[in-house]
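Enquirer: missing the sequence, but the structure's below:
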């Protein structure tokens with residue numbers, strides 16, 4: 001698979017847990033989530049724009065906190081003009097953003113952003129549920145030979 005997400009070639013990050021079979025690197029996680037991201041895991045305000053051609057749209061916070069579960073590190077947020085934060089991960093000095101492709105060619109600033117906390121994000125019940133769905137789908141994928149759809 002060709003990778004276009006931010007940070008895919010900026011150093012190596014490895015899983016700190018074996019909870020998710022076959023997930024050792026962010027590339028592994030991206031590959032697995034590529035078949036899991038769906039309209040259901042997309043932020044409600046963006047669902048009408050979500051498509052299989054733009055799978056990462058509206059997936060940033062739930063994906064970033066799941067990546068934090070797997071790789072450790074911290075989640076940071078880029079403040080967007082509409083007032084929302086776009087989340088990404090930093091682990092041992094390596095920055096990666098598995099959902100950056102949703103912005104196309106638009107350059108994002110990955111420096112000097114505020115740390116994001118799951119307690120704040122998951123205060124929204126719908127977001128906590130989307131995270132749980134993504135997490136469980138990833139676990140099911142690892143225990144099955146068939147692709148998750």
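Expert: Arrived safely. Note that this is a predicted model, so its numbers are computed, not measured. Residues are numbered from 1 along each chain as shown.

Enquirer: can we go C-alpha only for contacts and neighbour counts from here?
Expert: OK.

Enquirer: who's in contact with the closest residue to residue 47 other than its chain neighbours?
Expert: Nearest in space to residue 47, with sequence neighbours left out and distances taken as C-alpha to C-alpha, 6 or more residues apart in numbering, is residue 39 at 5.8 Å. Listed by C-alpha atoms under 8 Å, 6 or more residues apart in numbering, the contact set of residue 39 reads 47, 50, 51.

Enquirer: ok, the second one touching residue 57?
Expert: Yes. Counting by C-alpha atoms under 8 Å, residue 50 does reach residue 57; the two are 6.0 Å apart.

Enquirer: give me the common contacts of these two.
Expert: residue 42.

Enquirer: buried subset of the contacts of residue 39?
Expert: With neighbours counted using 16 or more other C-alpha atoms under 10 Å, the contacts of residue 39 contain these buried positions: residue 50.

Enquirer: got the contact list for the residue nearest the centre of the chain?
Expert: In the chain, the residue lying closest to the centroid (C-alpha atoms, centre = their mean) is residue 63, at 2.4 Å. Going by C-alpha under 8 Å, 6+ apart, residue 63 touches 98, 99, 131, 134.

Enquirer: in three-state terms, how would the closest residue in space to residue 17 that isn't next to it in sequence be classified?
Expert: Leaving aside its chain neighbours, residue 17 sits nearest to residue 70 (5.8 Å; criterion: C-alpha to C-alpha, 6+ apart). Recorded secondary structure, residue 70: helix (DSSP: H, G, I helix; E, B strand; the rest coil).

Enquirer: residues contacting residue 70?
Expert: 15, 16, 17, 19, 20.

Enquirer: make it 10 Å
Expert: When contacts are counted by C-alpha atoms under 10 Å, 6 or more residues apart in numbering, residue 70 touches 14-20, 23-26, 29, 64.

Enquirer: cool, thanks, signing off.
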